[in-house]
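Enquirer: Model the structure of this input:
(one chain, ligands or ions: 1)
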Amino acid sequence: MIKGEQLYEGKAKKVFATENEDLCIVDYKDDATAFNGEKKGSIAGKGVVNNRMSNLLFAYLAKQGVENHFVEELSDRETLVKKVSIVPLEVIIRNTAAGSFSKRFGVEEGTKLKNPTLEYCLKDDALGDPMINDSQILAIESATQEELDTISVYAYKVNEVLIAFFKEIGIELIDFKIEFGRYHGRVILADEISPDTCRLWDIATRQKLDKDRFRRDLGGVEEAYAEVFKRLKL
Ligand code: UDP
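Expert: Numbers count the residues shown, from 1 in each chain. Okay, here's the model as predicted:
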């Protein structure tokens, strides 16, 4: 597969064209940002962890019936994926209160929620990714009702599959953000699933093994990513 022109550079990944117009190559960087790009840094080796972890999870999710963009891992940092048009929504599922949920609703971080929650944020850096509900999404035509139905079914399914998957390696899935893309008239899971986009706590110690170590200057950032990598036997 020939790596063609760069189509896009995001905060954590670059995307390149290929000779097949249905496929593109993502290249994961070590760059890290938080708080809508206000905090910037680099996490050595992060790109490799996020690439390989996302691919492992996408391959597993595909087997469980969650169609997604993963095609083939090309190298430590590069992966061939289906070229989708991203639905401009961040889809967040939570099992335990943390981060903005704790702040907004005054629920102590670490409180187990009675049921998983689903929330949407509009993907728009200039607006600071504001929270948005179903009727608002339909009103501004960010997605159709049919797309939202597919997205919510997939999002809860991803949660079920990943809770069990991480439990096996001693990790509690606190919450995560996923994104979807349009591909030949269907909506499929896309983007990444990594310690950048999930809150992952060690079950035994409740130690944070995710990007909150970077966001909150907790130290041991590289070590946390390396620990997840090790547990996944990547
Ligand atoms: N998240 C993400 N990208 C974002 C915002 C959130 O991947 O731009 C993930 C975050 O890692 C966490 C979940 O979504 O796993 C919920 O994040 P929250 O809304 O609590 O926001 P935060 O506290 O990270 O600002």
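Enquirer: going forward, measure contacts between C-alpha atoms and count neighbours the same way
Expert: Will do.
Enquirer: Could you pick out the residues of this structure near the ligand for me?
Expert: Residues of the chain that fall close to the ligand, judged by C-alpha under 6 Å from any ligand atom: 92, 98-101, 175-177, 196-199.
Enquirer: any idea how far the ligand is from residue 229?
Expert: Shown here: residue 229 relative to the ligand, a distance of 17 Å by C-alpha to the nearest ligand atom, to the nearest Å.
Enquirer: can I assume that residue is in contact with residue 49?
Expert: Yes: between residue 229 and residue 49 there is a contact at 6.1 Å, judged by C-alpha atoms under 8 Å.
Enquirer: In strands, which of the residues of the chain next to the ligand appear?
Expert: Using DSSP state E, the subset of these located in strands is 92, 175-177, 198-199.
Enquirer: Buried ones from those residues, can you make that a ChimeraX selection?
Expert: For anyone working in ChimeraX, the buried entries among those, judged by 16 or more other C-alpha atoms under 10 Å, can be selected with:
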select :92,175,176,177,198,199
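Enquirer: Go ahead and confirm residue 169 touches residue 230.
Expert: No: with contact defined as C-alpha under 8 Å, residue 169 does not reach residue 230; the gap is 9.9 Å.
Enquirer: And the two? Which one has more around it.
Expert: residue 169 (15 against 12; other C-alpha atoms under 10 Å).
Enquirer: Okay, the residue nearest to that one when sequence neighbours are not counted and residue 99: tell me how far apart.
Expert: Excluding its sequence neighbours, the residue lying closest to residue 169 (C-alpha to C-alpha, 6 or more residues apart in numbering) is residue 231, at 6.1 Å. Here the criterion is C-alpha to C-alpha, to the nearest Å. By it, residue 231 lies 24 Å from residue 99.
Enquirer: and if you look at residue 188?
Expert: Distance of residue 188 to residue 99, given as C-alpha to C-alpha: 27 Å.
Enquirer: out of those two, which sits in the more crowded spot?
Expert: residue 188 (23 against 14).
Enquirer: for that one, what are its contacts?
Expert: 66-69, 180-182 (C-alpha atoms under 8 Å, 6 or more residues apart in numbering).
Enquirer: Look up the closest residue to residue 209, ignoring the ones flanking it.
Expert: residue 224 (4.7 Å).
Enquirer: surely the one you found meets residue 210?
Expert: Yes: look at residue 224 against residue 210 with C-alpha under 8 Å: they come within range, at 6.3 Å.
Enquirer: Between the two, tell me which one has more neighbours.
Expert: Neighbour totals were compared for residue 224 and residue 210, and residue 210 leads with 23 against 20 (other C-alpha under 10 Å).
Enquirer: Mind jotting down where the helices sit in this structure?
Expert: Secondary structure of the chain by DSSP state H: the helices cover 46-63, 99-105, 134-139, 145-167, 212-215, 221-231.
Enquirer: for the fifth one, what is the average pLDDT?
Expert: Per-residue pLDDT over helix 212-215 has a mean of 98.
Enquirer: ok, back up a step: out of the residues of the chain next to the ligand, which is nearest to residue 85?
Expert: Distance ranking of those against residue 85, using C-alpha to C-alpha, places residue 177 first at 17.4 Å.
Enquirer: beta partners for that closest one?
Expert: Residue 177 has the following beta-bridge partners by DSSP bridges: residue 92.
Enquirer: Just to check, it is in contact with residue 196?
Expert: No: contact criterion C-alpha under 8 Å: residue 177 and residue 196 do not qualify, at 9.2 Å.
Enquirer: contacts for stretch 9-18?
Expert: With C-alpha under 8 Å, 6+ apart as the test, stretch 9-18 has contacts from 1-8, 23-33, 47.
Enquirer: And the buried ones among these, selectable in PyMOL?
Expert: Restricted to buried positions by 16+ other C-alpha under 10 Å, the PyMOL selection for the contacts of stretch 9-18 reads:
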select buried, resi 23+24+25+26+27+28+29+30+31+32+33+47
